[in-house]
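# Please find the sequence and the predicted model below.
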Number of protein chains: 2
Amino acid sequence: MPYELYYWDGLQGRGEFVRLALEDAGAEYVDVARGTKKNGQGTDAMLKLMGSKTEPHIPFAPPFLKDGDLIVPHVANILLYLGPKLGLAPKNEAQRYVVHGLQLTIADLVAEVHDTHHPLATDLYYEDQKEAAKVRTRNFIEQRIPKFFGYFERVLKQNPDGDTQMAGKTTTYVDLSMFQIVEGLSYAFPRAMRKFGQHYPRVAALRDAVLERPNIASYLDSERRIPFNESGIFRHYPELDQDAK
Amino acid sequence: MPYELYYWDGLQGRGEFVRLALEDAGAEYVDVARGTKKNGQGTDAMLKLMGSKTEPHIPFAPPFLKDGDLIVPHVANILLYLGPKLGLAPKNEAQRYVVHGLQLTIADLVAEVHDTHHPLATDLYYEDQKEAAKVRTRNFIEQRIPKFFGYFERVLKQNPDGDTQMAGKTTTYVDLSMFQIVEGLSYAFPRAMRKFGQHYPRVAALRDAVLERPNIASYLDSERRIPFNESGIFRHYPELDQDAK
């Protein structure tokens, strides 16, 4: 039975980190909210499951994965669950906590990216918090990007098994997620990211290497890859983008 | 060998969710940053480990747990790792992803609590973002507390094994974390939380039940429990607290 991925239709958002792992592994999956009503899919099917009064394991928010009766919510948790099944986790059990820890740091970064355009409230319009967004984004570009990517660069450099993957000897789901955040930030903040490859050469090389993986390349060329847009996490508002220090 | 917990000295913060699990289980642990230099402990020892140029698995930020050579970062990851060892995880493997998912929802809530007093930047003073903090906190109290706790109340209600624990038949680490967020929010926002028990009776009952666990009760009475204060996640700034709807 194919995996069922539940995430909002029309944007990459947090669901994209899961899609990249499923696509890289060539796994069978249904992107439920993007399906048709006639097949019992679509956004209504997702909302119905979320609003269920009997389901024992209701998720707080998308994305969540359904595998048979089990519902697994949160990107990092889904990847923890899928990683070994997709061949995208370390064989060593202890190492899985290391990879999961890196994924949780990415989750924190993603939340901070979201808050650059929504610093005051998720349910207020961007236009109503634009001034606060400018302050928060300046701080994000000047302080937080260097802090996060300085860290990721060190993680690659200090990996005793080589600096071409974040942990262990083989590509894991966290490497695919690293690709996605570099792509997303490059879309949202092209000016701030201009010298990214100079400052973080190992991270940039990892991004390039993921791009060359055959299943990723063909996914990115397909209609399944939704383009970046201003409904997602990574939004290009030119007034927020600025030269990094 | 006792577990080594690394977290900032002088505040409960995110470290407290780990402490509660260790204390409830009566596990041996060292709270490293609170130790003395003479024993090779203290904040400097923590910073030295974080700044290591050779350690293969450096954490991005505290808290992190060291168990032998393994370093496990992020609260939810630490609890995922410790849960089975401390007898605070479900026996059923699949159920562990459910409990972990709930803990990750709590992690998101904790990040939102932090941002009520620091909506623009973590490294700016509260005084320099007080007006933004008022807007964000109003939204948090009016929209986010009901959304999160309405969800947690449903999780308890829909647990087929009973509404006295979040998942499965037995107390898990996520129940202890639920206690901590109710305590923390009650400290930070006493006005907003005044009718909490009426609105969310199952969550309130869970909080009371955790308080009666002998090891938790004796921990809370000990000097190991740092009082809530304005360096932590949950801060009482009266100007932010207000009546809930």
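Now that the structure is in, tell me what you want to look at. Numbers count the residues shown, from 1 in each chain, chains lettered A, B, ... in the order given.

# all contacts plus neighbour counts: C-alpha atoms, from now on.
Noted.

# is it true that A:Ala133 touches A:His114?
No: using Cα atoms under 8 Å as the test, A:Ala133 is too far from A:His114 to be in contact (10.3 Å).

# The two - which one has more neighbours?
Summary of the neighbour comparison: A:Ala133 and A:His114, criterion other Cα atoms under 10 Å in any protein chain shown, with A:Ala133 having more neighbours (23 against 17).

# other SSEs contacting the helix or strand hosting that one?
Using DSSP states H and E, A:Ala133 maps to helix A:130-139. If contacts are counted by 3 or more Cα pairs under 8 Å, 6 or more residues apart in numbering or on different chains; DSSP states H and E, helix A:130-139 sits against helix A:93-117.

# Now do the helix it packs on and helix B:93-117, the angle between them.
Relative orientation of helix A:93-117 with respect to helix B:93-117: 30 degrees, computed using axes from the mean of the first three to the mean of the last three Cα atoms, to 10 degrees.

# Helix A:130-139 and helix A:93-117, what's the angle between them?
Calculated by the same axes, to 10 degrees, helix A:93-117 forms an angle of 140 degrees with helix A:130-139.

# buried residues in the lowest-mean-pLDDT helix or strand in chain A?
Comparing every helix and strand of chain A by mean pLDDT, DSSP states H and E singles out helix A:130-139 as the least confident one, with a mean of 94. Of all the residues in helix A:130-139, those buried under the rule 16 or more other Cα atoms under 10 Å in any protein chain shown are A:Lys130, A:Ala132, A:Ala133, A:Lys134, A:Arg136, A:Thr137, A:Arg138, A:Asn139.

# From what I see, the fourth one and A:Leu240 are in contact.
Yes: the pair formed by A:Lys134 and A:Leu240 meets the contact definition of Cα under 8 Å, at 5.6 Å.

# For chain A, give me the ranges with low pLDDT.
Applying pLDDT under 70 to chain A picks out residues A:245.

# so what's the residue lying farthest from the centre of chain A closest to, chain neighbours aside?
Relative to the average C-alpha location in chain A, and by Cα atoms, centre = their mean, no residue lies farther out than A:Thr54, which sits at 30.2 Å. Taking Cα to Cα, 6 or more residues apart in numbering or on different chains, and ignoring the residues beside it in sequence, A:Thr54 has B:Gln158 as its nearest neighbour in space, at 6.2 Å.

# Now for the one you found: which residues touch it?
Counting by Cα atoms under 8 Å, 6 or more residues apart in numbering or on different chains, B:Gln158 touches A:Lys53, A:Thr54, A:Glu55, A:Pro56, A:His57.

# Tell me if the residue farthest from the centre of chain A really is in a helix.
No: according to DSSP: H, G, I helix; E, B strand; the rest coil, the state of A:Thr54 is coil, so it is not within a helix.

# Ramachandran coordinates for it?
Here the main-chain torsion angles of A:Thr54 (degrees, to the nearest 10) amount to phi -120, psi -30.

# where along chain A do the strands fall?
Taking DSSP state E to define them, one finds strands in chain A at A:3-6, A:29-31, A:64-67, A:70-73.

# coming back round to it: how near is the residue nearest to A:Thr54 to A:Met50?
B:Gln158 sits at a distance of 13 Å from A:Met50 (criterion: Cα to Cα, to the nearest Å).

# just A:Val210 next, same as before
Summarising the geometry, the distance separating A:Val210 from A:Met50, computed by Cα to Cα, is 33 Å.

# repeat for A:Gly68
Taking Cα to Cα as the criterion, A:Gly68 is separated from A:Met50 by 16 Å.

# between these two, which one's more packed in?
Neighbours per residue, other Cα under 10 Å: of A:Gly68 and A:Met50, the larger number sits with A:Met50, 17 against 10.

# what number of residues lie near A:Val43?
Careful, residue A:43 is Thr and not Val. Other residues near A:Thr43 number 18, with proximity taken as other Cα under 10 Å.

# give me every residue that touches the closest residue to it other than its chain neighbours.
For A:Thr43, ignoring the flanking residues on the chain, the nearest one in space by Cα to Cα, 6+ apart is A:Ala33 at 4.3 Å. Residues touching A:Ala33, when contacts are defined by Cα under 8 Å, 6+ apart, comprise A:Tyr6, A:Tyr7, A:Trp8, A:Asp9, A:Gln41, A:Gly42, A:Thr43, A:Asp44, A:Ala45, A:Met46.

# could you redo the last one with a cut-off of 10 Å?
Contact criterion Cα atoms under 10 Å, 6 or more residues apart in numbering or on different chains gives A:4-10, A:40-47 as the residues in contact with A:Ala33.

# So how do I select the buried members of those in ChimeraX?
Buried residues among the contacts of A:Ala33 (16+ other Cα under 10 Å), as a ChimeraX selection:
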select /A:4,5,6,7,8,9,41,42,43,45,46
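
# Quick one: mark the members of the contacts of A:Ala33 that sit in helices.
Secondary-structure check on those using DSSP state H: residues within helices are A:Thr43, A:Asp44, A:Ala45, A:Met46, A:Leu47.

# quick one on the thing from earlier: from B:Phe152, how far out is the residue nearest to A:Thr54?
Per Cα to Cα, B:Gln158 is found 10 Å from B:Phe152.

# Just give me the residues shared between the contact sets of these two.
Common neighbours of B:Gln158 and B:Phe152, counting by Cα under 10 Å, 6+ apart, are A:Ile58, B:Met166.

# So which residue is dead centre in chain A?
Centrality entry for chain A: nearest residue to the mean C-alpha point is A:Phe17, 3.6 Å, by Cα atoms, centre = their mean.

# Quick check: that one touching A:Ile181?
Yes: using Cα atoms under 10 Å as the test, A:Phe17 is close enough to A:Ile181 to be in contact (9.1 Å).

# just to revisit the earlier point, just the closest of the buried residues of helix A:130-139 to chain B, please.
Within those, the smallest distance to chain B is 4.8 Å, found for A:Arg136 (Cα to the nearest Cα).

# got a list of what the closest one touches?
A:112-113, A:115-120, A:130, A:240, B:119-122.

# Let's see that with 6 Å instead.
Applying Cα atoms under 6 Å, 6 or more residues apart in numbering or on different chains, we find A:Arg136 in contact with A:Thr116, B:Leu120.

# try A:Lys134
Counting by Cα under 6 Å, 6+ apart, A:Lys134 touches A:Leu240.

# A:Ile141 versus that one, what's the distance?
Between A:Lys134 and A:Ile141 the distance is 10 Å, computed by Cα to Cα.

# can you check A:Gly51 too?
For A:Gly51, the distance to A:Ile141 (Cα to Cα) stands at 38 Å.

# repeat for A:Gly184
Applying Cα to Cα, the value for A:Gly184 to A:Ile141 is 14 Å.

# Count the residues that sit near A:Ala244.
Look at A:Ala244: counted by other Cα under 10 Å, it has 18 neighbours.

# Skip the chain neighbours and tell me the closest residue to it.
With sequence-adjacent residues excluded and distances taken as Cα to Cα, 6+ apart, A:Ala244 is closest to A:Ala192, at 4.7 Å.

# what's near enough to touch that neighbour?
With Cα under 6 Å, 6+ apart as the criterion, the residues that contact A:Ala192 are A:Gln242, A:Asp243, A:Ala244.

# what would those look like in TSV with distance to B:Ser222?
Rendered in TSV, the data for the contacts of A:Ala192 read as follows (distance: Cα to Cα, whole Å):
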residue	distance to B:Ser222
A:Gln242	50
A:Asp243	51
A:Ala244	48
